[in-house]
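*Asks:* My questions are about this predicted structure, shown below with the sequence.
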Amino acid sequence: MSILKRLQGEDSKPTRTQSSSSDRRSVTNSQSFKSAQPAYQDMKRRVQNKLIATLDPQMDITQTKDVRSSIQELFDQLLSEENIVLSKPERVRMFDQIVAEILGFGPLQPLLEDTSITEIMVNGPKNIYVERKGKLLRAKVAFESNDHVNRIIERIVAPLGRRIDESQPYVDARLPDGSRVNAVIPPISLIGPVLTIRIFSKVPITVNQIIEWGSISTQAVEFLKACVKAKMNIVISGGTGSGKTTLLNIVSSFIPNDERIVTIENAAELQLRQEHVVTLESRPANIEGKGAITIRDLVINSLRMRPDRIIVGEIRGGESIDMLQAMNTGHDGSLTTAHSNSPRDTLSRLETMALMAGMDLPVRVIREQIASAVDVIVHESRMRDGSRKVVNITEVAGMEGDVITLTDVFAFEQSGFDEGKVLGVLRPTGLRPKFMDRIEAAGIHLSPQIFGIGASQHRR
């Protein structure tokens, strides 16, 4: 990709810069928080525009190391020619900011590289917040203007073939590392462009980590591993930001490496490590309102692709009926996520989404489909302290009359709240699921102690 293509839409108009010695001294003596002052910004913009004009337009910016070296040489040369005096910290800061504009995502680049940040929220050009350890904090960075935010949004969505404009003022996208992006611009946003980035760990979170963090217990992991290997159909449910996608990544890692997996998502963000994975991504309509490919289209198409497993990143609408049909017609071991407030609410959501498919089916028929298709619901919750925990692992036991029966196999038991942290543990209920014969038929033998049978439970 060339420099010109990468910077398409960048404002290269020269800006009026106050280059008096007093301004230079103020920049030289400024601290990090003053880097947003007009004198500094004007100087940075002027150097940046000259640098872009000097760089080879056909330079391949995917060769990051070589491009950075070239930018460094030109940057030093321009500062010398312009007789711009900067302290060493400001010189490094300006260079990093300019490189971020050319190779990265502008002011967001240092936030994206901070491994402690899990979410970035841009509320207009000057109000940027981050989430660290479940807490919201204001970031000490800012954009220059609404146009600056719009350029970064365009840089994110353009490589994916997506668009955002007044006729389509919101878009879902992803970063190259799989992080989830949502952007909203005026007229539906009244505070300027709004950008929300859910950052996924560059190194996938492991099952040992979530056990260490107290998100799930060792017994529950052993049970889920058995369920996946025995091809139980699993729905991971929870509220926004409860960790559903992270848990789906972890649970899907239990799938044997010799199976063909088809993943279906709105924006590809799953990080499966198996060898035989086919990744499908939905597509919005073009500017003429044509060419849209929905999750439902992809679920239907996936059935013709000889999948051993179908993984849908999230079901939100009519595709749920096709997912249920797939689960009921030999595609066992399917995984998906859904927004809900409890395992019981998950069933209601599935029922409602199935009705959204437009088929005139009786409610009882849909409930029978759900009861037959779904084996396990794993429900996650974001606790008051910002931690994310699995609070229920529930078996869908069947139908009694017109009601689907649920049985908790594991349930979170909160024991208190100390020094800002939720205390508790995910405990087995002492009940074995009815599908244990299917797990044993797969050659998997779980100890009764996993279910709290025949072992004393230590409470804390």
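*Replies:* Great, that's in hand. Numbering: from 1, shown residues only.
*Asks:* Show me which residues of stretch 389-398 are buried.
*Replies:* 389-397 (16 or more other C-beta atoms under 10 Å). (Glycine included, C-beta is placed from N, CA and C.)
*Asks:* wait, stretch 417-430
*Replies:* Result for stretch 417-430 [16+ other C-beta under 10 Å]: buried residues 422, 424-429.
*Asks:* which residues does N257 contact?
*Replies:* The contact partners of N257, by C-beta atoms under 8 Å, 6 or more residues apart in numbering, come to 274-276.
*Asks:* Could you tell me the phi and psi values at the residue most central in space within the chain?
*Replies:* In the chain, the residue lying closest to the centroid (C-alpha atoms, centre = their mean) is R180, at 3.9 Å. Dihedral angles of R180 (phi, psi; degrees, to the nearest 10) stand at phi -80, psi 140.
*Asks:* go on, R93?
*Replies:* phi -60, psi -40.
*Asks:* That one: neighbouring residues, count only.
*Replies:* 17 (other C-beta atoms under 10 Å).
*Asks:* Check what pLDDT it gets.
*Replies:* Confidence at R93, expressed as pLDDT, is 80.
*Asks:* and the gap between it and V277?
*Replies:* Applying C-beta to C-beta, to the nearest Å, the value for R93 to V277 is 41 Å.
*Asks:* Next, the contact list for the residue nearest to the centre of the chain, please.
*Replies:* 172, 174, 197-198, 200, 245, 267, 269.
*Asks:* farthest pair in these?
*Replies:* D172 and F200 (14.7 Å; C-beta to C-beta).
*Asks:* Which of the two has more residues huddled nearby?
*Replies:* In this view D172 and F200 are compared by other C-beta under 10 Å, and F200 has more residues nearby, 21 against 16.
*Asks:* In which helix or strand does that one reside?
*Replies:* Assessed by DSSP states H and E, F200 sits outside every helix and strand.
*Asks:* is it true that it touches D177?
*Replies:* Yes: judged on C-beta atoms under 8 Å, F200 makes contact with D177 at a distance of 6.9 Å.
*Asks:* possible to save the buried residues of stretch 389-398 as a markdown table with pLDDT, distance to T115 and secondary structure?
*Replies:* Shown next, in a markdown table, are the buried residues of stretch 389-398 (pLDDT from 0 to 100; distance: C-beta to C-beta, whole Å; DSSP: H, G, I helix; E, B strand; the rest coil):
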| residue | pLDDT | distance to T115 | secondary structure |
| --- | --- | --- | --- |
| K389 | 93 | 22 | strand |
| V390 | 95 | 24 | strand |
| V391 | 95 | 27 | strand |
| N392 | 96 | 30 | strand |
| I393 | 97 | 30 | strand |
| T394 | 96 | 33 | strand |
| E395 | 96 | 37 | strand |
| V396 | 95 | 38 | strand |
| A397 | 93 | 42 | strand |
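*Asks:* a markdown table please, covering the residues you listed and showing distance to F254.
*Replies:* Below are these laid out as a markdown table (distance: C-beta to C-beta, whole Å):
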| residue | distance to F254 |
| --- | --- |
| K389 | 20 |
| V390 | 15 |
| V391 | 20 |
| N392 | 19 |
| I393 | 14 |
| T394 | 18 |
| E395 | 18 |
| V396 | 20 |
| A397 | 23 |
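*Asks:* residues contacting D345?
*Replies:* With C-beta under 8 Å, 6+ apart, D345 has these contacts: S237.
*Asks:* what's the distance between it and T352?
*Replies:* Counting by C-beta to C-beta - D345 and T352 are separated by 10 Å.
*Asks:* Kindly report the same for P362.
*Replies:* 15 Å.
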